[in-house]
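J.: okay, sequence plus prediction incoming.
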Amino acid sequence: MMTPYPDDALHLTSEWFILPGCEAQVEQALAVLVQAVLSQEPDTLAYLVHRPRAAPSRLQSLPPGSPQSLLFFEIYRNDAAFLRHVNGPVFQAFVTEHGHLFIGSEGRPFTTVAFLSQVNGFVRSAPV
């Protein structure tokens, strides 16, 4: 199956950990971040942010997701686009202004990052 992304596109997931009680502030800050990435970073091809949600027991996987977890799924046109994002003004402003809302390490939000190679799959447009 063909991918809609260039062969050298960079795919990744990144997990962040919200400090208890900061969830609403994080969601407000994320709305601004996502809009800024969309409007100012044309080489960011996908930028999806998720939080675990409670699932009925018939759907729940183990271990259950933490409500303090925040999972980013991102696709960049290439490695250089990713570096422009993480070193650029939009992301750096987000970390400076809102980094204190996350569990941190050495003065920055602690995150885990996994770089991915797409093997197969598709992206479907949202239903209208």
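T.: On my side now, so go ahead.

J.: identify each buried residue in stretch 11-20, please.
T.: 11, 14, 16, 18 (16 or more other Cβ atoms under 10 Å). C-beta coordinates here come from the backbone N, C-alpha and C atoms, glycine included.

J.: repeat for stretch 101-118
T.: 101-102, 109.

J.: among the buried residues of stretch 11-20, which ones are in strands?
T.: Taking DSSP state E, the ones among the buried residues of stretch 11-20 that sit in strands are 11, 14, 16.

J.: beta partners for the first one?
T.: So the one you mean is H11. Taking DSSP bridges, one obtains I75, L116 as the residues bridged to H11.

J.: my read is that it contacts V119, right?
T.: No - between H11 and V119 there is no contact under Cβ atoms under 8 Å: 10.4 Å.

J.: returning to that earlier point: now, which of the buried residues of stretch 101-118 lie within strands?
T.: Among these, DSSP E puts P109 in strands.

J.: which one of the buried residues of stretch 101-118 is nearest P63?
T.: F102 (20.7 Å; Cβ to Cβ).

J.: from H50, how far off is the nearest residue to that closest one once chain neighbours are set aside?
T.: Nearest residue to F102, sequence neighbours excluded (Cβ to Cβ, 6 or more residues apart in numbering): P109, at 3.7 Å. Here the distance between P109 and H50 works out to 16 Å (Cβ to Cβ, to the nearest Å).

J.: what segments of this structure are helices?
T.: Shown for the chain, the helices assigned by DSSP state H span residues 23-40, 79-87, 89-98.

J.: residues contacting the longest one, please?
T.: Outside helix 23-40, the residues within contact range by Cβ atoms under 8 Å, 6 or more residues apart in numbering are 18, 44, 47, 49, 51, 67-68, 70, 85, 90-91, 94, 97-98, 101-102.

J.: great, nothing more from me.
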